Every structure is written in C-alpha cells, then in structure tokens.
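Q: whatever this is, show me its structure:
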Amino acid sequence: MSYTDPVAFAATRHRIVINLSGGKDGVIAGAKAMDAARRAGVADRVWTAHASLGPMEWPAVTVDGVRWPSASELAAQHSQILGVPPERHIEVRRTRQVDGRTVPFDLLTFIAERGDWPWLGQARTCTGPWKTKMVFGAFTEQVRALRKEVQGPLMFANVLGLRAEESRDRRNRQVWRRTTDNSHRVVDEWLPAHQVSTADVWAWTLAEEVPYHWCYDSHPGAGDRRGSSRCSCSTCTLASHRDLLLGVARRPRLAELCALVERVRQVPFNPNITMAELIEQSRRPDAPDPGVRVEENADFERMERDVHAALRRPPTYESKARTGSTPLLHATGGCDTCTLTM
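A: As a prediction, this is how the structure comes out:
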C-alpha cells in the first residue's frame, strides 16, 4: 500500500469515517478529508463519528447564563460544519448488560474493576476497546449491506486528527497506514493534518470561525487559548503536568474519585505522579487558575456509584505497578470502609 494523493485515495473508499472528539485537531483533519472527498466526487461516502467516554470527557458548563457545550455536543456541531448531514453522524458509547438491562460502562469503572490505569506501554486500554472498536462496530450493518453490492472487501478510511508535533510517537506515524485487511473490509488510517503545526491549527480555527471547546481557554469565553492544551479526557494519564493541574482543579469531584481508585487499588494514576499529589499541587498559589469549576451531572453521579461498587470487589487484574503498602498508601491516607460507602 502506497498513497501520495489525498484525492486519489479518497476516490478508492466506500466509506470515509472522520473521528471527531470535539477537539481542535479532529475538525481540521476532517476538513482536509472532506475537501479531498468533494474533489474526488465521493462526499456522500463521508461519515463522522464520536466515541464518547461519557463523564470522563469535558462536559458542558454554564457561566453567567451562557451554556458552553460538551465535547460530544461540539463533535456534532463540527460534523455539521464539515457539511455532513446529521443522519451520517454517529455517537457511540460502550455499554454492558447488568441484571438484564443495558447500562453505560464507563472507563473509570473499568479501571476500578481492573485495578490498573491505562499507561502507555503498560495497559493502554482507553483507545482501541473504547474508541476504535466501538466506531467500527457501529458500521457492521453497513458492511453487510454494502457487501451485497461490492465485489471484494469494503475499503474504509479511518480519519484521525493526530499531528506530528504532539509527540514522538505521533511524529513517527505514517500519513496512511493499513490497520485492517481481511475478506470483509480493508481499513487504512489517514492523518490529513499530520504535518500541520499547532499555530496553524489555531490560525485556521479562528479564520474559519470554527467553534472550539471551552476547556482550551483560561475560562469559558475568554478566547485566549490559555487553558488546556488538549481536549481529551479531563484527567488523561498521559496529559501534560499543567493540563492535569487544570483538569483536577476544574473537576475536583472527578479528581477525588480518581484518587480513591488510586488509593484502594494501590496503583498510581501516572508513572511519574499520583493523583493525590496532583490534587495537593492544584491547591497551591502558583497552580494555574482553573477559571471555572464543573458542577457534575447525574451521569457522573451514576458513574461514581459504579466506581464505588467496583472498589468493594477484588481487582480483576494483577497490576505490575501495584505498590502494596509502599509510600503510595501513606501518601494518600489509606482507605477505610466509610470512604467506599455511598
């Protein structure tokens, strides 16, 4: 497989799936992919998808009577801006069966049950099972229907907003990379914005008047891009130190829940720092000003109950990072029965 021309590549696809997180990078990658699709005459094959992580994503906030949308809501807005009809935008979220009912299965609940955090190179469980597999699982029915009309496997493009400037791992990614190749479907990952700098992303966003998430600003509506550098999970284990301090201060209840998981399971939130330490640092005078504190909703409170219930049971995985009775336990104050009682 070797591609060099985005238009020629788009013309070979039966489906072009643009992943939108509600962040700044997905929408510019989507705009480049949609431009190529239009020039190839296959814009009607473009779909957008948002893999929701529920309460772990940045939620909506209301400040001074103005409501600023959540990541999920903004992803849907970005889809419309790209020119994708609402019926071709999908949102997926992981669920499971409990007592015969289908209920949300949240990432933090899974972490609490497993007893391990999704560190890179350790247990990176937060991308494939919670995002990619969910998105492409949603297209299974389309694959079955289209296979009646198409000879051979269906050709998919999986459009992501990954950029070389973000990390060494992403810098080494190819713009086109085959990730699935079987008799039913062929999926090529496509990074249209791979070589776009952060400065150019923001220049394009502002010039095109594309709405961006409030978490990027020092406070909602500030328009200064001095908040979080990325719009991923509010408390992503791989985020920068400053982003983590902002996430902890902006969502103190989520931070405390992460600290509880850390304390009970005896596995640090991050290989370099514990959530307990982040909470303490976020309260120092020199910590970044959060600008806003989120009032958590009913969906968060349901996840909170699920996490507490999970922590009453033994972990399902024996983490190599588990500390036992090492300083992590003492640094976070230990765990008692009352802490787990709702």
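Q: quick one, helices of the chain?
A: Applying DSSP state H to the chain gives helices spanning 6-11, 24-40, 71-81, 107-114, 133-137, 140-146, 168-171, 198-207, 241-250, 252-265, 275-282, 298-311, 327-331.
Q: G291: which of those is closest?
A: Closest of the helices of the chain to G291 is helix 241-250, at 7.5 Å (criterion: CB to CB). In short, each C-beta sits where N, CA and C put it, glycine included.
Q: buried stuff in that closest one?
A: By 16 or more other CB atoms under 10 Å, the buried positions in helix 241-250 come out as 243-250.
Q: tell me the one of those residues nearest A31?
A: Among the buried residues of helix 241-250, D243 lies closest to A31 (CB to CB), at 24.8 Å.
Q: ok, now how distant is W176 from G41?
A: Distance from W176 to G41, counting by CB to CB, to the nearest Å: 20 Å.
Q: quick one, which of the two is more surrounded?
A: Counted by other CB atoms under 10 Å, W176 and G41 do not tie: W176 has more neighbours, with 18 against 11.
Q: quick one: contacts for the more buried one?
A: W176 is in contact with 1-3, 9, 188-191, counting by CB atoms under 8 Å, 6 or more residues apart in numbering.
Q: what subset of the residues you listed is buried?
A: Neighbour-count burial (16+ other CB under 10 Å) applied to the contacts of W176 gives 9, 188-191.
Q: what's the closest of those residues to L108?
A: Using CB to CB, E189 is the member of these that lies nearest L108, at 27.2 Å.
Q: dump the buried residues of helix 241-250 to TSV, plus distance to H50.
A: What follows is those, written out as TSV (distance: CB to CB, whole Å):
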residue	distance to H50
D243	21
L244	23
L245	27
L246	23
G247	20
V248	25
A249	26
R250	21
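Q: closest one of those to E141?
A: When the buried residues of helix 241-250 are ranked by distance to E141 (CB to CB), G247 comes first, at 36.6 Å.
Q: show the contacting residues for the closest one.
A: 228, 234-236, 239, 254-255.
Q: let's see it at 10 Å
A: Listed by CB atoms under 10 Å, 6 or more residues apart in numbering, the contact partners of G247 are 58, 215, 228, 232-236, 239, 254-255, 258, 278, 282, 290, 294.
Q: same thing with G41?
A: Going by CB under 10 Å, 6+ apart, G41 touches 7, 10-11.
Q: just to revisit the earlier point, tabulate the helices of the chain (a markdown table), appending mean pLDDT and distance to H184.
A: What follows is those, written out as a markdown table (pLDDT from 0 to 100; distance: least, CB to CB, whole Å):
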| stretch | mean pLDDT | distance to H184 |
| --- | --- | --- |
| helix 6-11 | 98 | 20 |
| helix 24-40 | 98 | 22 |
| helix 71-81 | 98 | 26 |
| helix 107-114 | 95 | 28 |
| helix 133-137 | 88 | 11 |
| helix 140-146 | 87 | 6 |
| helix 168-171 | 88 | 29 |
| helix 198-207 | 98 | 35 |
| helix 241-250 | 98 | 39 |
| helix 252-265 | 97 | 38 |
| helix 275-282 | 98 | 42 |
| helix 298-311 | 98 | 34 |
| helix 327-331 | 39 | 46 |
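Q: okay if I get those helices as a markdown table plus distance to L160?
A: Output for the helices of the chain, formatted as a markdown table (distance: least, CB to CB, whole Å):
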| stretch | distance to L160 |
| --- | --- |
| helix 6-11 | 14 |
| helix 24-40 | 7 |
| helix 71-81 | 14 |
| helix 107-114 | 19 |
| helix 133-137 | 11 |
| helix 140-146 | 20 |
| helix 168-171 | 10 |
| helix 198-207 | 14 |
| helix 241-250 | 20 |
| helix 252-265 | 26 |
| helix 275-282 | 28 |
| helix 298-311 | 26 |
| helix 327-331 | 35 |
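Q: poorly predicted segments of the stretch 101-250 of the chain, please.
A: Within the stretch 101-250 of the chain, the stretches with pLDDT under 70 are 120-127.
Q: 50 instead?
A: Residue ranges of the stretch 101-250 of the chain with pLDDT under 50: 120-123.
Q: for PyMOL, what selects the buried ones among the contacts of G41?
A: A single PyMOL command selects the buried members of those (16+ other CB under 10 Å):
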select buried, resi 10
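Q: out of the contacts of G41, which comes closest to T274?
A: Using CB to CB, A10 comes nearest to T274 of these, at 45.8 Å.
Q: wait, that closest one touches R45, no?
A: Yes: applying CB atoms under 10 Å, one finds A10 in contact with R45, separated by 8.3 Å.
Q: intersection of neighbour lists for these two?
A: Shared contacts of A10 and R45 (CB under 10 Å, 6+ apart): 16, 37, 157.
Q: buried ones among those residues?
A: Neighbour-count burial (16+ other CB under 10 Å) is assigned, among the shared contacts of A10 and R45, to 16, 37, 157.
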